[in-house]
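sequence and predicted structure, then a few things I'm wondering about:
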Amino acid sequence: MTRRELLALMGSAPAFAAKSAPTAPVSLAKVPSYEEDVAVALTRMFDQIGGAGRLVKNKTVTIKLNLTGSPGLRLEGKALGLTHYTHPKTVAAMAHVLSRAGARRIRFVESCWATAGPLEEYMLDSGWNVRQLQSAAPNIEFENTNALGKGKKYSRFNVPGGGLIFPGFDLNHAYQDTDVFLSMAKLKNHATCGVTLAMKNIFGITPASIYGDDAGEHEPNESPTKGRGTTCHFGKRQPSKCSPQELNPNSDRSSFHRMPRITAELVSARPIDISFIDGIETMTGGEGPWIRRELAHVKPGVLVLGTNPVTTDTVATAVMGYNPRGQRGTPPFAFCDNTLLLAESLGVGTAELDRIEVAGEKIASVRFPFPIIERGG
């Protein structure tokens, strides 16, 4: 463990880390149903944090969706957007609001599960009406970032300060060929990281062509058909040799150690400009129906929006009834290190709730307690 990590995770560290970490306002809104006018709610939320036009006018906006896991896996047979996928209505509403605010181009991206095929086909398999989404705004693009895709080469993102697990990452061009990067997440538990919100959502930006179980040893495999668990989760293999290798291949191989650190350093290397978390309907107990523990479909009826991913995730964690500064061994970080504190230690943002301005609803008025997880993933 480095000195920086130690400072973040020691009981005496919070005051030191929080004072030096940046902050930004976060907006909370009550939205009880997807039948509500989500675009109206989003417009009001953006206005509360300075306005959408200030962020996106005349700019390219790349939106990372959360389409985790195979489309064939469903909780209780429910539509994917009601449990663990980004909901199509929030996506269409976001595109409409950003386009109206002057966004020049909107690109939706995701590293689709076990395929390098077109993102539009993956959306269709997931039950989306792609044509309807395309009509939400002009100049909409789609890119599956699981491989090279439409780009000519990968973009190198180095971790400021040298990194915790990796010194840098090679990613699809879409994450560099943009002015604004937006993470659209769900309000969910995570079997390994405790919570999966705006920051954990971009753990999936690493291309399987380089970091996947069937990645090429020396060069990327541009037709990956497997996930990235072997490299990123458990460290049983290195990325393709053309890309940055681990700082210490003999470090802790536990996913409870690795995943929070990789998430924090990814957010540091590829900063998130807008963080959006959908908690209108979601699931508790884990990030998807493949998790072997008690899962439940719930309706918290809340949306969270901010410009700093740590402050946004901090407020969302509090909405879930958890302590955002919880140490390892306390819910929801019972088995893992706290990604919020790790990102704070890298200077991304503050996880000190008292330093964050909350606009719109009060946390207490939208708090929806999530369960205490009794065992790891």
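Received, thanks. Residues are numbered from 1 along each chain as shown.

in the stretch 1-150 of the chain, which spans are strands?
Ranges of strands within the stretch 1-150 of the chain are 26-30, 60-64, 105-110, 140-144, based on DSSP state E, counting those that start in this stretch.

elements contacting the second one?
On a contact count with 3 or more Cβ pairs under 8 Å, 6 or more residues apart in numbering; DSSP states H and E, strand 60-64 meets helix 88-100, strand 105-110, strand 180-186. From N, CA and C alone the C-beta is placed, and that goes for glycine too.

ok so, going back, which of the strands of the stretch 1-150 of the chain sits closest to G286?
Closest to G286 of the strands of the stretch 1-150 of the chain is strand 105-110 (Cβ to Cβ; 19.3 Å).

CA atoms only: put stretch 26-35 into PDB for me.
What follows is stretch 26-35, C-alpha atoms only, in PDB (Å, rounded to 0.1, in the frame of the first residue of the first chain):
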ATOM      1  CA  VAL A  26     -25.000  18.000  -6.500                       C
ATOM      2  CA  SER A  27     -28.700  18.100  -7.400                       C
ATOM      3  CA  LEU A  28     -31.300  15.700  -6.000                       C
ATOM      4  CA  ALA A  29     -34.800  15.300  -7.500                       C
ATOM      5  CA  LYS A  30     -37.800  13.200  -6.600                       C
ATOM      6  CA  VAL A  31     -39.100  11.400  -9.700                       C
ATOM      7  CA  PRO A  32     -41.400   8.500  -8.700                       C
ATOM      8  CA  SER A  33     -41.900   7.000 -12.200                       C
ATOM      9  CA  TYR A  34     -40.500   6.800 -15.700                       C
ATOM     10  CA  GLU A  35     -43.900   8.000 -16.800                       C
END
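
next, format the strands of the stretch 1-150 of the chain as a markdown table and append mean pLDDT and mean neighbour count.
Shown next, in a markdown table, are the strands of the stretch 1-150 of the chain (pLDDT from 0 to 100; neighbours: other Cβ atoms under 10 Å):
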| stretch | mean pLDDT | mean neighbour count |
| --- | --- | --- |
| strand 26-30 | 98 | 24 |
| strand 60-64 | 98 | 23 |
| strand 105-110 | 98 | 23 |
| strand 140-144 | 97 | 20 |
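
so for E344, which of those sits nearest?
E344 lies closest, by Cβ to Cβ, to one member of those: strand 26-30, at 15.1 Å.

so which residues make contact with the closest one?
Defining contact as Cβ atoms under 8 Å, 6 or more residues apart in numbering, one finds that strand 26-30 is touched by 41, 44-46, 48-49, 301-306, 308, 311-312, 314-315, 319, 356-363, 365-366.

ok, back up a step: between the helices and strands packed on strand 60-64, which gets nearest to K150?
So among those, strand 105-110 is nearest, using Cβ to Cβ, at 9.9 Å.

and the closest one, which strands flank it?
Strand pairing for strand 105-110, determined by DSSP bridges: strand 60-64 (parallel), strand 140-144 (parallel).

just want the angle from the first one to strand 180-186.
Counting by axes from the mean of the first three to the mean of the last three Cα atoms, to 10 degrees, strand 60-64 points 20 degrees away from the direction of strand 180-186.

now strand 60-64 against helix 88-100, angle please.
170 degrees.

one step back: so for E281, which of the strands paired with strand 105-110 sits nearest?
strand 60-64 (19.9 Å).

just checking, T311 is part of a helix?
Yes. T311 forms part of a helix when assessed by DSSP: H, G, I helix; E, B strand; the rest coil.

before we move on, back to that, how about CSV for the strands of the stretch 1-150 of the chain, with distance to K236 added?
Shown next, in CSV, are these (distance: least, Cβ to Cβ, whole Å):
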stretch, distance to K236
strand 26-30, 38
strand 60-64, 26
strand 105-110, 25
strand 140-144, 25
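
and those: which comes nearest I262?
Among the strands of the stretch 1-150 of the chain, if distance is taken as Cβ to Cβ, the winner is strand 60-64, at 15.5 Å.

so which of the strands of the stretch 1-150 of the chain comes closest to G72?
strand 105-110 (16.3 Å).

picking up where we left off before, is it possible to export the helices and strands packed on strand 60-64 to a markdown table including distance to R261?
What follows is the helices and strands packed on strand 60-64, written out as a markdown table (distance: least, Cβ to Cβ, whole Å):
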| stretch | distance to R261 |
| --- | --- |
| helix 88-100 | 29 |
| strand 105-110 | 23 |
| strand 180-186 | 18 |
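
of all those, which lies closest to P167?
strand 180-186 (20.6 Å).

adjacent strands (with direction) for the closest one?
strand 60-64 (parallel), strand 274-279 (parallel).

of the helices and strands packed on strand 60-64, which is nearest E222?
Closest among those, using Cβ to Cβ: strand 105-110, at 16.8 Å.

redo the strands paired with strand 105-110 as CSV? Include distance to K188.
Listed next are the strands paired with strand 105-110 as CSV, based on distance: least, Cβ to Cβ, whole Å:
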stretch, distance to K188
strand 60-64, 15
strand 140-144, 22
